[in-house]
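Student: please find the sequence and the predicted model below.
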Amino acid sequence: MTISADHAAQQPATAEPGAAPAARHASQQAGSQHTEQQDPASEAVRKFGITVEDYMLPARHQIQMVGPDGTLHPHTEQGTQPGHEYTLPGEAELLAAYEQLVVGRRVNDQNSALVRQGRMAVYPSSHGQEACQVAAALCLADGDWLFPTYRDSVAVMARGVDPVQTMTLFRGDWHGGYDPSKHKVGIQCTPLTTQLLHGVGVAHAAKLRGEDTVVLAMCGDGATSEGDFHEALNFAAVFHLPVVFFVQNNQYAISVPLAHQSVAPSLAHKAVGYGMAGERVDGNDVVALLAVLGRAVKLAREGSGPLLVEAHTYRMQAHTNADDATRYRQDSEVAEWVAKDPLSRMTTYLTDRGLLDDGLAARIADKAEAVATQLREGLSEEVPVEPQDLFKYVFSTPTPQLKEQSAMLADELARDAASTAAASTAKGSGK
Amino acid sequence: MSPTITTSSEANGNVSAATARAAARAAVEAEKTGPQTITLAKALNTAMADAMHADESVLVFGEDVGMLGGVFRITDGLTKTFGTSRCFDTPLAESGIVGMAVGMAMNGMRPVIEMQFDAFAYPAFEQIVSHVAKMHNRTKGTVKLPMVIRVPYAGGIGGVEHHCDSSEAYYAHTAGLKVFTPATVADGYRMLREAIDSDDPVMFMEPKKLYWSKDLVDLDALRDEHTANTERGTSSEGRAAVARPGTDATLIAYGPSVPTALAAAAAAAEEGRSLEVIDVRSIVPFDDETVCASVRKTGRAVVIAEAHGFASVASEIVARVQERCFHHLAAPIRRVTGFDVPYPAPKLEHFYLPGVDRILDAVDDLQWED
């Protein structure tokens, strides 16, 4: 491993926008093995004649490529503007995303059913948010990292983690079921927003070693109120790290609507306060999501520093099975979002384009059903828990105190087993 | 083979013993650079520098640790020697510092981070308790977090409010954190190297009133000891030390209270009472064996700590010793701790801090007449 000499924080930006690129350029040269890129803000200033603020502020409208009815908007009506330009993803990418959308919807509905049947303790469903889930996973390369929240199981699976292992947390066998280092997927996090900083640290370590690693760190709208949101964005910006912060604004933090979290014009507007670019995107339009997140990851990889993307979506179901959404929102509001469903609009769009026919739809449905079967079977299987695991992983080497407690539990269990055996012997001999 | 642990400090009134020991060591190792009188601050600084030389993944960061060298100058010169990629200033945000260190540790680094003062670490509490402490457990050991969180802690320096907290109990109460606290110059070097070597996260509690305490130590000998321990797979980690042998009662102390306990033992000796002083060194893991062996021998014990006594590390030590040594005890174990009040203003702190007289009063109460 080689850690290059001097590159920690960016040079302070000078008052003149034109002077900033030089400082950043010099700093990157020392700290990164990437091919040197022009600072994207300066590039936008030069190329489009826009101000740094116009580059960092989100476009005036959210980016939407395919409308709720499945029609592709003309390029001029996609919400793009100079410095905020997006290209339509290719056919293979669209079909891969569609397959994951279908699988994701099936996973959400299967898991909710398993909770109702008592085979899983809890499941925070991303029903309605599958486009965000799929795009978050598909926009990354193999060496990149994803930092998900507890609601992002579909994204974790779309990244290649085994579905049953992904559900370990919610089944209650352990706090996590997959190896984060192997999959480059952070452990699903229930404290809000703390994982963004872990993503920042992973990106920072990679940058110091000159590795080509982009981190996509996810959080929700409520989480943007947390202090760690601010600290993570600021650290990533100051250290000029390749992190894409992806906020799924699903309108509610359990029961509290966005208006009670923030009165900013949008969550994406917060980016400019950290000196990074922000963008708003229709979170139910997987085509736009692939375009916007894809460009954000590309810019981050090329040395733009971090970016903030806010996806406008909706949590179609309650927070979890323990929540009652009828207490805080109207059915009419939910009905409005049914019409904006990410899956049905993509089905229409791909069918109209001639990319999806009944045969392909059936093959994709079979794949989704196979994953659902895997979940049903995997989660119905009774996996024995190992009491000694309680002590095994607290430290790399157990302390003397933990060894004592482990022996105490082992003794308790041995005595329980002995008395159970004695009782059954007594019963068997008829005494 | 367990290493020999010795403790000494000029600040504790035990100068002659320390000097004699160092002189003896000097005679043996005359061919080396030999003993030097250095501060705890220098020992800690040297430990970080040596660890950074030995392993490129060791990084130091925090608030003011770069150009300034830290408000206590513990990281002095590290940026100059290793560059701003290895020792750097961060934005002023403790949760950010700890959270970023978690990610860096997940991705192959060994961060050594500084919380500027004890009470300024509280914004990072969630990251420490929910992530630093639990990551190894929740990932079944697949993710290790080899990181050290250095916390200058405790009082005795006339600091204003929020600069003198004894916060060790919060961390000791959290499963998954090791909690070390050196009391001597040599242990400053030895224990910080061990903390940096640890694959598990360590809260490294530095008694700030001892930063400028001096002792004659042989850094080359400590380096050799560290190398030998690394090769043999041994270390002093998790071991308490007998800081002063005695026969009549045991004073159990850690960090900033060790010199006070040694001073009390010296004063008691003049009155004909022989007190043994145990330096706990590692709060987690705790060395029941060394502590209990001493109490079984003396039959009496006083636990001394600056932190508030209620629900404290001192309380835990009393409970542990009582459970294990009940039949050897001639008197109830006493605690001499800070009062259960917020840490006082500078002009009042001498009323609050456990001092020699208060310790000796507690010793006098150990039912000697029976």
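Tutor: Great, that's in hand. Keep in mind it's a predicted model, so treat the numbers as computed, not measured. Numbers count the residues shown, from 1 in each chain, chains lettered A, B, ... in the order given.
Student: all contacts plus neighbour counts: C-alpha atoms, from now on.
Tutor: Noted.
Student: in contact with whichever residue of the stretch 151-300 of chain B sits closest to chain A, which residues?
Tutor: Residue nearest to chain A within the stretch 151-300 of chain B: B:G176 (5.2 Å; Cα to the nearest Cα). Residues in contact with B:G176 (Cα atoms under 8 Å, 6 or more residues apart in numbering or on different chains) are A:394-395, B:132-134, B:136-137, B:200-201.
Student: out of the residues you listed, which are inside helices?
Tutor: B:136-137 (DSSP state H).
Student: so where's chain B uncertain?
Tutor: Segments of chain B classed as low confidence (criterion: pLDDT under 70) are B:1-32, B:370.
Student: show me the contacts for A:H198.
Tutor: Contacts here follow Cα under 8 Å, 6+ apart; on that basis A:H198 touches A:147, B:99-104.
Student: which one (most neighbours) among those?
Tutor: Neighbour tally across the contacts of A:H198 (other Cα atoms under 10 Å in any protein chain shown): the maximum, 35 neighbours, falls on B:A101.
Student: contacts only, for that residue.
Tutor: Residues near B:A101 by Cα under 8 Å, 6+ apart: A:198, A:201, B:111, B:113, B:147.
Student: in which helix or strand does it reside?
Tutor: Assigned by DSSP states H and E, B:A101 belongs to helix B:94-106.
Student: B:A243 too?
Tutor: Taking DSSP H and E as the criterion, B:A243 maps to strand B:241-244.
Student: could you list the buried residues of that strand?
Tutor: Counting neighbours by 16 or more other Cα atoms under 10 Å in any protein chain shown, one finds that the buried residues in strand B:241-244 are B:241-244.
Student: output it as PDB, nothing but the C-alphas.
Tutor: Output in PDB follows, covering the C-alpha atoms of strand B:241-244 (Å, rounded to 0.1, in the frame of the first residue of the first chain):
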ATOM      1  CA  ALA B 241       0.600  -3.700  37.900                       C
ATOM      2  CA  VAL B 242       1.800  -3.600  41.400                       C
ATOM      3  CA  ALA B 243       3.000   0.000  41.500                       C
ATOM      4  CA  ARG B 244       4.300  -0.200  45.100                       C
END
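Student: how far is that strand from where the chain is centred?
Tutor: Relative to the mean C-alpha coordinate of its chain, strand B:241-244 is positioned 14 Å out (Cα atoms, centre = their mean, to the nearest Å).
Student: can you tell me the strand partners of that strand and which way each runs?
Tutor: Counting by DSSP bridges, the strands paired with strand B:241-244 are strand B:275-279 (antiparallel).
Student: now what about the following helix or strand past the partner strand, what contacts it?
Tutor: Using DSSP H and E, the helix or strand that follows strand B:275-279 in sequence is strand B:282-284. Strand B:282-284 is contacted from outside by B:172, B:177-181, B:237-240, B:313, using Cα under 8 Å, 6+ apart.
Student: partner strands of strand B:282-284 and their direction?
Tutor: strand B:178-180 (antiparallel).
Student: what does the partner strand contact?
Tutor: B:168, B:171-172, B:191, B:195, B:200-205, B:281-285.
Student: neighbour-wise, which of those residues leads?
Tutor: Going by other Cα under 10 Å, B:P201 tops the contacts of strand B:178-180 with 31 neighbours.
Student: separation between it and B:I38?
Tutor: According to Cα to Cα, to the nearest Å, B:P201 and B:I38 sit 28 Å apart.
Student: before we move on, what about A:K427?
Tutor: A:K427 sits 75 Å away from B:I38, going by Cα to Cα.
Student: quick check: bridge partners of the residue nearest to B:A241 when sequence neighbours are not counted?
Tutor: Nearest residue to B:A241, sequence neighbours excluded (Cα to Cα, 6 or more residues apart in numbering or on different chains): B:D279, at 5.1 Å. For B:D279, the beta-bridge partners under DSSP bridges are B:A241, B:A253.
Student: does B:D279 touch B:Y254 like I think?
Tutor: Yes: taking contacts as Cα atoms under 8 Å, B:D279 lies within contact range of B:Y254: 5.3 Å.
Student: any idea which helix or strand carries B:C292?
Tutor: Element membership for B:C292 (DSSP H and E) is helix B:288-298.
Student: mean confidence (pLDDT) on stretch A:373-384, please.
Tutor: For stretch A:373-384, mean pLDDT rounds to 91.
Student: give me the contact list for that stretch.
Tutor: For stretch A:373-384, the surrounding residues in contact (Cα under 8 Å, 6+ apart) are A:110-111, A:114, A:119-120, A:163-164, A:171.
Student: just these now: which is nearest chain B?
Tutor: A:R171 (14.0 Å).
Student: helix/strand/coil for the nearest residue to the closest one once chain neighbours are set aside?
Tutor: Distances taken as Cα to Cα, 6+ apart place A:M120 nearest to A:R171, at 4.5 Å, with adjacent residues excluded. Counting by DSSP: H, G, I helix; E, B strand; the rest coil, the backbone at A:M120 sits in coil.
Student: for A:M120, what are its contacts?
Tutor: So A:M120 contacts A:111, A:114, A:170-172, A:379 (Cα under 8 Å, 6+ apart).
Student: give me the phi and psi for it.
Tutor: Main-chain torsions, A:M120, degrees, to the nearest 10: phi -140, psi 150.
Student: biggest strand in chain B by residues?
Tutor: When chain B is scanned for its longest strand (criterion: DSSP state E), the result is strand B:301-308.
Student: quick one: strands adjacent to it?
Tutor: Neighbouring strands of strand B:301-308 in its sheet, by DSSP bridges, are strand B:249-253 (parallel), strand B:334-338 (parallel).
Student: C-alpha coordinates for the first one, CSV please?
Tutor: Same thing as strand B:249-253. The C-alpha trace of strand B:249-253 is given here as CSV (Å, rounded to 0.1, in the frame of the first residue of the first chain):
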residue,chain,number,x,y,z
ALA,B,249,-3.9,-2.8,52.8
THR,B,250,-4.3,-2.4,49.1
LEU,B,251,-5.0,0.9,47.3
ILE,B,252,-6.5,0.2,43.9
ALA,B,253,-6.2,3.1,41.5
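Student: can you give me the distance of the spatially most central residue of chain B to B:V302?
Tutor: When Cα atoms, centre = their mean is applied to chain B, the residue found nearest the centroid is B:T181 (1.2 Å). Relative to B:V302, B:T181 is positioned 19 Å away (Cα to Cα).
Student: and for A:K298?
Tutor: From A:K298 to B:V302 the distance is 63 Å (Cα to Cα).
Student: now A:A365
Tutor: To B:V302, A:A365 is 72 Å away according to Cα to Cα.
Student: comparing the two, which shows the higher neighbour count?
Tutor: B:V302 (25 against 16).
Student: nice, that's everything, thank you.
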